[in-house]
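Chemist: Predicted structure and sequence below. I'll ask about it afterward.
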Amino acid sequence: MRKTSLESIHKLAKVDKRVLFIGSDLGAGVLENMRQDMPERWFMEGISEQHIIGMAAGLALEGFIPYVNTIATFLTRRCFEQIVIDLSLHRLPVRLIGNGGGVVYAPLGPTHQAIEDIAIMRVIPNMTVVAPCDADEMSRLMERTLDWPGPIYIRLGKGGDDIVSEDKHGFEIGKSITLRSAGDVLFLTTGIMTQRAIAAADLLSQENILAGVLHVHTLKPFDEQKLLESIEGVKLVVVAEEHVLSGGLGSIVIEVLSDSDLLVKPKIKRVAIPNEFSDKYGSQENLLASWGLDASSLVQVVKENIVD
């Protein structure tokens, strides 16, 4: 997914002279072809995340469209004030690409686990927040970022995730995608949890339980209309996310339903990471499973909560 996003920056830069790349301590060889082709629009600034946000803001004010790439935890935690004041206040077209959304960097512990980044970024006025599910969807997203007004935060998975998105669904920022039609159950997911929800839906179908999957690639602006249409006739909504319980997709869903005029609302079950610093180390898959964020655990959640 990261490779696709970086290659897309180079492609965009070839057709639009406003596009440039700013990286922070990403190692040798990152976007080497772009560095060779257009060194005046390729910058690697070292471990200085707050600096690169200010740098990107200045360049955006001069008419450029900077694409910034660094580790998600450093980008969202360390640079919060710079993002708010330098970028969002002025609604500048800077694209913030965060490596390692969720627990991609699980072996490095809580300092590198971006498990509250969606909550941090979605509260910022003028900020758009997107979490694609696979490399193909990342490619379709990047095509849409060029002329989008204001800053965008893009949450990256580790790469190599199963391709579940399809060209036929297209991609539009702010518009969720139905990947499976709902029956009594609907999974709401974002990012790489979409693959787990699809796998869970397949397992449930073997037991004659029809579960839909609504892929919410854009957390902000949120597609409220699609949510309200999708839950019609549904008994149970399971929100599964690689994020803490507070402030993420589950919180968005509860906010929307609370403010809606629906007289009959489905049961909502949120499955997420506990709102605490994790003392767990290991692989991303192992940590997700320990929190019930794997396909078999999601199946069990449905069985325990489905309303007859």
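Modeler: That came through, no problem.
Chemist: those strands in the stretch 51-200 of the chain, which residues are they?
Modeler: 65-71, 95-99, 128-130, 152-155, 177-180, 185-189 (DSSP state E, counting those that start in this stretch).
Chemist: quick one: which of those strands is nearest residue 118?
Modeler: strand 128-130 (6.1 Å; C-beta to C-beta). The C-beta positions use only the backbone N, C-alpha and C, and glycine is treated the same way.
Chemist: elements contacting the closest one?
Modeler: helix 117-122, strand 152-155, strand 218-220 (3 or more C-beta pairs under 8 Å, 6 or more residues apart in numbering; DSSP states H and E).
Chemist: What is the subsequent helix or strand relative to the last one?
Modeler: In the C-terminal direction, the helix or strand that comes right after strand 218-220 (DSSP states H and E) is helix 224-230.
Chemist: what pLDDT does the residue positioned nearest the centre of the chain get?
Modeler: Central residue check for the chain by C-alpha atoms, centre = their mean: the C-alpha nearest the mean position is that of residue 131, 1.8 Å away. Residue 131 carries a pLDDT value of 97.
Chemist: and if you look at residue 308?
Modeler: 60.
Chemist: Also residue 156?
Modeler: pLDDT at residue 156 comes out at 92.
Chemist: Now the closest residue in space to residue 110 that isn't next to it in sequence. Its backbone dihedrals?
Modeler: Spatial nearest neighbour of residue 110, excluding adjacent residues (C-beta to C-beta, 6 or more residues apart in numbering): residue 277 at 4.6 Å. Phi and psi for residue 277, reported as degrees, to the nearest 10, are phi -70, psi 130.
Chemist: okay, now residue 277: neighbour count?
Modeler: 10 (other C-beta atoms under 10 Å).
Chemist: quick check: longest strand of this protein.
Modeler: Secondary structure of the chain per DSSP state E: the longest strand is strand 236-244.
Chemist: centre of the chain versus stretch 204-222, how much separation?
Modeler: 16 Å (C-alpha atoms, centre = their mean, to the nearest Å).
Chemist: Now do the helices in the stretch 151-300 of the chain.
Modeler: 193-205, 224-230, 249-259, 284-290, 295-305 (DSSP state H, counting those that start in this stretch).
Chemist: Run through who's touching the third one.
Modeler: For helix 249-259, the surrounding residues in contact (C-beta atoms under 8 Å, 6 or more residues apart in numbering) are 118-119, 122, 188-190, 216, 219, 222, 224, 227-228, 231, 237, 239, 241, 243, 245, 265, 268, 270, 272.
Chemist: Near residue 222, how many other residues are there?
Modeler: 19.
Chemist: Find the nearest non-adjacent residue to it, please.
Modeler: Residue 222's closest residue in space is residue 252 (C-beta to C-beta, 6+ apart), at 5.5 Å.
Chemist: And residue 216, how far from residue 224?
Modeler: Here the distance between residue 216 and residue 224 works out to 11 Å (C-beta to C-beta, to the nearest Å).
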